[in-house]
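Colleague: have a look at this fold, sequence not included:
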């Protein structure tokens, strides 16, 4: 039976001469446009992580159907458009679809394609479905598995082929369809036929004695359809809707370093899940597919560092544990292109508490000329002191210099966990008097003092004096009026240790002097 013109060979959406075939196409296209079994959305999958029972560590076998060419049309191309293509036995026609694989092993148990026996075909159509090795140009080379399927009806549907024994592959491979019965015509769906689309990947090959672009050899689809006399509007580019059924083992694992760890310290989580090359590949992972074609964040791996934490979508991450205890950390691996293959692994992270460090300086205020002394007041004992003027636990006021300095006490416990506490120490010049109006107008002694502060007025013209004692931040802690007195004594023993000021005011003078309470 001679082959009709191109209008039968490839059904294009806007070809008027294909009205009859297009009408037939429309009646069945909804099966692929709106499939019941759609890939689950990442948001839905994240919800299943929160609520799924994942108490047991496990290794999962993922059984998947790689409907990759179909998904590219439905999820990447807009608008979604499928076409019908034919292979004729009389023209020795075959078509292949390459699937990529590297660094892992897969088991192929069968193949599905969406097709039918062509209405003009012999009543019983035998189709050979094969798995081929391919070369670097995606040309099928040697057959490694083959199984026949006989089609008698003319309804488009998913056709399932199961190999008598599983086929193991570890490199790129192709699914090949070939009608073999006399006068056989196989019709099947292909994705959008325009050239230069985002999802064109040069993965399909055609072989035909009819197509002058092929000449009986394996060539790419655009080359095979380059003869515009045979293919109106060509060249075209499309892939047949075929899918190998594969299985592979997901073994989820991760390292957590360090473990044990101290509270408020970061733990680095590194993914060791296998097969990494499959889980990260767009042909086997829905999330890698979305990331590759739609530039969305890949959501293949999800960490739950502790039950109360938020999920972290990343292959590797870090987490700081705020509380101590034996904490369960889990990694989820979300495999599968069409299937939903969730695997998980857990580790117990030992988070040790931090030591309770207390530091109270016994001498928060010293004079600059005070001799170096050993610092004390840090507990638990056995820690170290550090800061300006500190050497081997000894503080030198002269080396530190005048001013307020931070002294840190650091302690590390038997678990290697470290805490510290900081105190301030003030080094003062400890001069006897600082006068604003008249040098030596007043004298303070003893200075520093721990109990009684004597104030001597060396100017008989003062008369009535308003005496104030102020803290270093200006707060008045003592105030009284003195009349015709040469000196005054004030008990400052109950004041906190620190620096204070004596303020003297008359109707003619105002002056201030500094003293220290030890």
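Modeller: Looks like it came in fine. Bear in mind that the values here come from a model prediction, so they are computed numbers and not experimental data. Numbering: from 1, shown residues only.
Colleague: residue ranges with poor pLDDT in the stretch 1-150 of the chain?
Modeller: 1-58 (pLDDT under 70).
Colleague: tell me where it has helices.
Modeller: In the stretch 1-150 of the chain, the helices defined using DSSP state H, counting those that start in this stretch lie at 6-9, 19-33, 42-51, 68-71.
Colleague: chain center to the last one: distance?
Modeller: So that's helix 68-71. A distance of 27 Å separates the centroid of the chain from that of helix 68-71, by Cα atoms, centre = their mean, to the nearest Å.
Colleague: now what about it, what contacts it?
Modeller: By Cβ atoms under 8 Å, 6 or more residues apart in numbering, the surrounding residues in contact with helix 68-71 are 32, 39, 97, 99, 114, 190-191, 239-243, 282-283, 289, 337-338. Where C-beta positions appear, they are placed from N, C-alpha and C, glycine not excepted.
Colleague: nearest the geometric middle of this protein, what residue?
Modeller: residue 314 (2.8 Å; Cα atoms, centre = their mean).
Colleague: got a pLDDT number for residue 396?
Modeller: Residue 396 is assigned 94 on the pLDDT scale.
Colleague: let me see the confidence value for the nearest residue to it once chain neighbours are set aside.
Modeller: Nearest residue to residue 396 in three dimensions, chain neighbours excluded: residue 372, at 4.1 Å (Cβ to Cβ, 6 or more residues apart in numbering). With respect to pLDDT, residue 372 has a value of 90.
Colleague: same question for residue 247.
Modeller: pLDDT for residue 247: 96.
Colleague: now swap in the one 4 residues further on and tell me
Modeller: Residue 251 is assigned a predicted lDDT (pLDDT) of 94.
Colleague: show me where the stretch 401-518 of the chain has its strands.
Modeller: Secondary structure of the stretch 401-518 of the chain (DSSP state E, counting those that start in this stretch): strands at 403-412, 418-428, 442-445, 452-457, 464-471, 476-483, 487-491, 498-505, 510-517.
Colleague: so which elements touch the fourth one?
Modeller: For strand 452-457, the packing partners by 3 or more Cβ pairs under 8 Å, 6 or more residues apart in numbering; DSSP states H and E come out as strand 442-445, strand 487-491, strand 498-505.
Colleague: how many neighbouring residues does residue 422 have?
Modeller: Look at residue 422: counted by other Cβ atoms under 10 Å, it has 12 neighbours.
Colleague: may I have the residues that are in contact with it?
Modeller: Going by Cβ under 8 Å, 6+ apart, residue 422 touches 359, 406, 407, 408, 409.
Colleague: one more time with 6 Å, if that's ok
Modeller: 406, 408 (Cβ atoms under 6 Å, 6 or more residues apart in numbering).
Colleague: same deal with the one 5 residues further on?
Modeller: With contact taken as Cβ under 6 Å, 6+ apart, residue 427 is in contact with 366, 368, 397, 400, 402.
Colleague: let's see 7 Å
Modeller: Contact partners of residue 427, counting by Cβ atoms under 7 Å, 6 or more residues apart in numbering, are 366, 368, 397, 400, 401, 402, 403, 405.
Colleague: same deal with residue 489?
Modeller: 452, 454.
Colleague: hmm, 10 Å instead?
Modeller: Applying Cβ atoms under 10 Å, 6 or more residues apart in numbering, we find residue 489 in contact with 452, 453, 454, 455, 456.
Colleague: what's opposite it in the beta bridge?
Modeller: Using DSSP bridges, the beta-bridge partners of residue 489 come out as residue 454.
Colleague: could you measure from it over to residue 143?
Modeller: Plainly put, residue 489 is 113 Å away from residue 143 if you go by Cβ to Cβ, to the nearest Å.
Colleague: now do residue 325
Modeller: As judged by Cβ to Cβ, residue 325 and residue 143 stand 58 Å apart.
Colleague: check which residues of the strand or helix carrying residue 333 are buried.
Modeller: Under the criterion of DSSP states H and E, residue 333 resides in strand 325-335. Within strand 325-335, the residues scored as buried using 16 or more other Cβ atoms under 10 Å are 327, 329, 330, 331, 332, 333, 334, 335.
Colleague: isn't residue 113 up against residue 158?
Modeller: Yes - counting by Cβ atoms under 10 Å, residue 113 does reach residue 158; the two are 7.5 Å apart.
Colleague: and these two? which has more neighbours close in?
Modeller: residue 113 (23 against 16).
Colleague: apart from its chain neighbours, what residue comes closest to the more buried one?
Modeller: Nearest residue to residue 113, sequence neighbours excluded (Cβ to Cβ, 6+ apart): residue 242, at 4.3 Å.
Colleague: okay, now that neighbour: neighbour count?
Modeller: Residues within reach of residue 242, counting by other Cβ under 10 Å, total 30.
Colleague: quick one: it and residue 207, what's the gap?
Modeller: On the measure of Cβ to Cβ, residue 242 and residue 207 end up 15 Å apart.
Colleague: am I right that residue 288 falls within a helix?
Modeller: Yes - the assignment for residue 288 is a helix, going by DSSP: H, G, I helix; E, B strand; the rest coil.
Colleague: residues in contact with it?
Modeller: When contacts are counted by Cβ under 10 Å, 6+ apart, residue 288 touches 278, 279, 280, 281, 282, 298, 299, 300, 335, 337.
Colleague: one more pass at 8 Å, please.
Modeller: Going by Cβ under 8 Å, 6+ apart, residue 288 touches 279, 280, 281, 282, 298, 300.
Colleague: again with residue 172
Modeller: Residue 172 neighbours (Cβ under 8 Å, 6+ apart): 98, 99, 100, 101, 102, 133, 134, 138.
Colleague: please produce CSV containing those, extended by neighbour count and distance to residue 472.
Modeller: CSV is the format used below for the contacts of residue 172 (neighbours: other Cβ atoms under 10 Å; distance: Cβ to Cβ, whole Å):
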residue, neighbour count, distance to residue 472
98, 22, 81
99, 25, 79
100, 17, 75
101, 21, 76
102, 10, 73
133, 15, 86
134, 22, 84
138, 20, 83
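Colleague: in strands, which of these appear?
Modeller: Judged by DSSP state E, the contacts of residue 172 include 98, 99, 133, 134 as members of strands.
Colleague: now, the most widely separated pair of these?
Modeller: Pairwise distances among the ones in strands among the contacts of residue 172 were taken by Cβ to Cβ; the largest, 11.7 Å, belongs to 99 and 133.
Colleague: of all the contacts of residue 172, which comes closest to residue 426?
Modeller: Using Cβ to Cβ, residue 102 comes nearest to residue 426 of the contacts of residue 172, at 68.5 Å.
Colleague: need the contact list for that closest one.
Modeller: Each residue near residue 102 by Cβ under 8 Å, 6+ apart is listed here: 171, 172, 277.
Colleague: with distance to residue 502 as extra columns, can I get these in a markdown table?
Modeller: Below are these laid out as a markdown table (distance: Cβ to Cβ, whole Å):
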| residue | distance to residue 502 |
| --- | --- |
| 171 | 92 |
| 172 | 92 |
| 277 | 81 |
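Colleague: for the stretch 401-518 of the chain, which residues score under the pLDDT cut-off?
Modeller: Ranges of the stretch 401-518 of the chain meeting pLDDT under 70: 430-441, 458-462, 473, 508.
Colleague: repeat that with 80
Modeller: The model of the stretch 401-518 of the chain has pLDDT under 80 over residues 428-442, 457-463, 472-474, 484-487, 505-512.
Colleague: residue 245 contacts residue 113, doesn't it?
Modeller: No - here residue 245 lies out of contact with residue 113, judged by Cβ atoms under 8 Å, at a distance of 11.5 Å.
Colleague: can you name the helix or strand that residue 277 falls in?
Modeller: Residue 277 is part of helix 276-279, with elements assigned from DSSP H and E.
Colleague: can you spell out which helices and strands pack onto that helix?
Modeller: strand 325-335.
Colleague: now do the buried residues in the very next helix or strand once past the strand it packs on.
Modeller: Next helix or strand after strand 325-335 toward the C-terminus (DSSP H and E): strand 341-352. For strand 341-352, burial by neighbour count (16+ other Cβ under 10 Å) applies to 341, 342, 343, 344, 345, 346, 347, 349, 351, 352.
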